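**Q** this one's sequence-less:
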């Protein structure tokens, strides 16, 4: 058979056919790449459902417009964080907090995510858990059947009628900061353990994407959110304000009385099956995070954690040491600390960031790189997501000398810009320290390959590590980057020592 | 205008396949279109309701005028509008700046089906629609040039049912694998005259769309192109007027070609070109072809060697 014959024959094996009643019918569309499906979902939401002109996640080279640099044009892709982050949360099975004033679309965007997995609008509305001060654990999780409570001889004989939302792929908790503390604890168990227990019966929630909403996240709720629950939230996104330029769209909606997108099923070409979501998750997780990106994140993290005044010991020079002692950064971050508060980031934040937050960051960065069609995570991906992942995790130190400058005061109100400027400053410092850090990287590689070398070589490497530490200590200020390198070198020295100890230990003691 | 059957059964057992009493032709099309629009919106996030309505009442109305009164006419109309809605939802049926469709599927639905479906016996029409859809949608997955190539010649098919065989015949030489030329000679010359295909056509910019297909632009009229099929042994020929077939081929090393005194020199071979003295445009392919035009002629000179 010829190529042309094969090609035409293949085309004719399409999805159109004729039904018994003589009409042409179409099967499901084939071969749409999942990344295109998600991109289409973004476009549909951005252009037809929650129209917003604010594309605040921008990529590519930036060119400032006018003086002051307040407006910049970017050469690459751009998205609205308010739409993109919920989609990335959907495909990674993360937990997202959506904050913003009433009527800004918080609950709508969360409900749209549920509709994208095929749930009908009426069902989605029923499944939304609305936070209020009287919400009990039974309201949230379910309750035992009353008849069985009377009949049962033991607790495990009581059948619990679990609430149906618990096993939905997309879970929406509206106004979570209005939920009473006890019920918040039950919610925490669900989010942290992935299951709920009642009368010795357990319900597993399965892979889920969580969307929580709050009018504002800093005390506006009826109940304070317990710290552990807050820590389980992977990212925060805020609603953009409605643009006055789009009032004509609102007027048209009011005028034509047409059904809103939230009253109808999501278009079928956007609906992601559970199998498709699992495939996306696999594709996302398979994406590489290059060493350079990990180093950049590590460099930034070290800056946030470091506090040279917390302890005389290098291992304890971090903000956790202060907090455990009931002290704050502002108590020690004063003129006695020789570091320049404008140059060093350590003074700006009250806290460092947990390993869980960095895991969330890396997973979301992978999802973003996948969505952008990139083969691996880049520093740009990390930079774009960092403010949303650290939004609630990084507490600002308003007493820092950094914020006394008039041009820096604005960062006390705009966390996204604050975190961006810190990351940019950290990357500039990383570039400046590159020459100083290069020998540390060299030693790290050398020690990694010492396993099969002789004792003499290990001893020589140890000596080189020691000399490198000495050089770092003697050359000046103990800044966060120097501190991080010292810890690395100390770890390398310990590793060499362990290697020698292991060789000297009698074999029977292994 | 063909009369409406006024609620009488039109030859089908399908209860939907009937017109309602007193409905005008436009009302029937509008009713079915409204139903398909709802389905289109449910199916496709990119469904453009205004575009669909314009096409349904325009192209759909034209088709209905031709088929109303035939047995199974409503089933055919419903099938056609369903396909139209699906195509709109897929982002097709958007004409380019010149008003021409961009792919065969759109061209079939917007032009060929309304005009030519009635050439077929009634009992073959629905199956033909399904076949055309599969053909057009299959082509959407192919490189752009192949789509444009098929569009350029779809109208030459005997009828719509004969289109697959027609395309197969046309694509046979185009898709056949072409090994790189050794430029070993002998060289053969073909002089192609476009006047019978496009009077006043003056060859300008030329580019390969596929290893054996050249797209030649008219140097005076934007949007006028002729396709050329390159075949060894002096058998190269014009394919006919086409939209621009696109620049899809990125070839490797090709020999230097020099023109001098009515001759062309390539890889040590001299080829007499008649009265062509200096080329205006020239194209050299890795498969052993040199295509040239000159400023004062409508002709193309094609030299080939195995």
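**A** Cool, got the structure. Note that this is a predicted model, so its numbers are computed, not measured.

**Q** which ones are touching the nearest residue in space to residue A:124 that is not next to it in sequence?
**A** Leaving aside its sequence neighbours, residue A:124 sits nearest to residue A:114 (Cβ to Cβ, 6 or more residues apart in numbering or on different chains; 4.3 Å). From N, CA and C alone the C-beta is placed, and that goes for glycine too. By Cβ atoms under 8 Å, 6 or more residues apart in numbering or on different chains, the residues touching residue A:114 are A:124, A:127, A:168-170, A:172.

**Q** Chain B: which of these is nearest?
**A** Ranked by distance to chain B (Cβ to the nearest Cβ), those are led by residue A:124 at 16.0 Å.

**Q** Identify the residues contacting that closest one.
**A** Here residue A:124 is in contact with A:111, A:114-115, A:172 (Cβ under 8 Å, 6+ apart).

**Q** Could you double-check that residue A:167 lies in contact with residue A:206?
**A** Yes. Counting by Cβ atoms under 8 Å, residue A:206 is a contact partner of residue A:167 at 6.2 Å.

**Q** I'd like the next helix or strand past the lengthiest helix in chain B.
**A** Under DSSP state H, the helix in chain B containing the largest number of residues is helix B:25-43. Following helix B:25-43 in sequence order, the next helix or strand is helix B:49-55 (DSSP states H and E).

**Q** So is that next one next to chain A?
**A** No. Contact between helix B:49-55 and chain A is absent, the nearest approach being 9.8 Å (criterion: Cβ under 8 Å from any Cβ of the partner chain).

**Q** buried ones in that helix?
**A** Neighbour counts using 16 or more other Cβ atoms under 10 Å in any protein chain shown place B:52-53, B:55 of helix B:49-55 among the buried residues.

**Q** Which single one of those is nearest to residue A:298?
**A** Nearest to residue A:298 among these: residue B:52, at 53.4 Å, using Cβ to Cβ.

**Q** Out of the helices and strands in chain A, which is least certain?
**A** Every helix and strand of chain A was ranked by mean pLDDT, DSSP states H and E. The lowest is helix A:247-256, at a mean of 69.

**Q** could you point out which element follows that helix?
**A** Per DSSP H and E, the first helix or strand lying C-terminal to helix A:247-256 is helix A:274-286.

**Q** If you average the pLDDT over that next one, what comes out?
**A** Helix A:274-286 shows a mean pLDDT of 95.

**Q** List the contacts of whichever helix or strand comes after it.
**A** Beyond helix A:274-286 in the direction of the C-terminus, DSSP H and E gives the next helix or strand as helix A:291-305. Contacting residues not belonging to helix A:291-305 are listed as A:318-320, A:344-346, A:349, A:351-353, A:358, A:361-362, A:365, A:376-379, A:381-382, A:386, A:394, A:422-423, A:426-427, A:429-430, A:480-481, A:483-484 [Cβ under 8 Å, 6+ apart].

**Q** chain center to the following helix or strand past helix A:291-305, what's the gap?
**A** Later in the chain than helix A:291-305, the nearest helix or strand by DSSP H and E is helix A:319-324. How far helix A:319-324 lies from its chain's middle: 24 Å, per Cα atoms, centre = their mean, to the nearest Å.

**Q** now for helix A:319-324, which elements pack on it?
**A** Applying 3 or more Cβ pairs under 8 Å, 6 or more residues apart in numbering or on different chains; DSSP states H and E, we find helix A:319-324 packed against helix A:329-332.

**Q** Quick one: mean pLDDT for whatever helix or strand comes next after the helix it packs on?
**A** Counting by DSSP H and E, the next helix or strand C-terminal to helix A:329-332 is helix A:355-371. Helix A:355-371 shows a mean pLDDT of 95.

**Q** Give the buried residues for helix A:355-371.
**A** When neighbours are counted by 16+ other Cβ under 10 Å, the buried residues of helix A:355-371 are found to be A:357-358, A:360-371.

**Q** Determine the number of other residues adjacent to residue A:475.
**A** Counted with other Cβ atoms under 10 Å in any protein chain shown, residues neighbouring residue A:475 total 9.

**Q** Then residue A:135?
**A** Neighbours of residue A:135 using other Cβ under 10 Å come to 22.

**Q** shouldn't residue B:28 be in contact with residue B:67?
**A** No. Contact between residue B:28 and residue B:67 fails when scored by Cβ under 8 Å: they sit 11.2 Å apart.

**Q** Quick check: residue B:227 vs residue B:171, distance?
**A** Residue B:227 is 12 Å from residue B:171, where distance means Cβ to Cβ, to the nearest Å.

**Q** ok, now residue B:279?
**A** 30 Å.

**Q** out of the two, which sits in the busier spot?
**A** Neighbour totals were compared for residue B:279 and residue B:171, and residue B:171 leads with 21 against 18 (other Cβ under 10 Å).

**Q** On the pLDDT front, check the more buried one for me.
**A** Residue B:171 is given a pLDDT of 89.

**Q** Not counting its neighbours along the chain, what's nearest it?
**A** Leaving aside its sequence neighbours, residue B:171 sits nearest to residue A:4 (Cβ to Cβ, 6+ apart; 3.9 Å).

**Q** just for chain A, where's the confidence low?
**A** Scanning chain A for pLDDT under 70 picks out the ranges A:1, A:69, A:216-221, A:244-246, A:249-250, A:253-263, A:507-510.

**Q** Apologies, that question was intended for the stretch 151-300 of chain B.
**A** Applying pLDDT under 70 to the stretch 151-300 of chain B flags the ranges B:248-251.

**Q** Give me every residue in it lying close to chain A.
**A** Proximity of the stretch 151-300 of chain B to chain A is confined to B:164, B:167-172, B:174-177 under the rule Cβ under 8 Å from any Cβ.

**Q** picking up where we left off before, joint contacts of residue B:28 and residue B:67?
**A** Listed as contacting both residue B:28 and residue B:67 by Cβ under 8 Å, 6+ apart are residue B:77.

**Q** for residue 279, what are its contacts?
**A** No chain specified, so I'll use chain A. residue A:34.

**Q** The intended chain is chain B.
**A** B:259, B:292-294, B:301.

**Q** now for those residues, which pair is the farthest apart?
**A** Checking those with Cβ to Cβ, the most distant pair is B:259 and B:293, at 11.7 Å.
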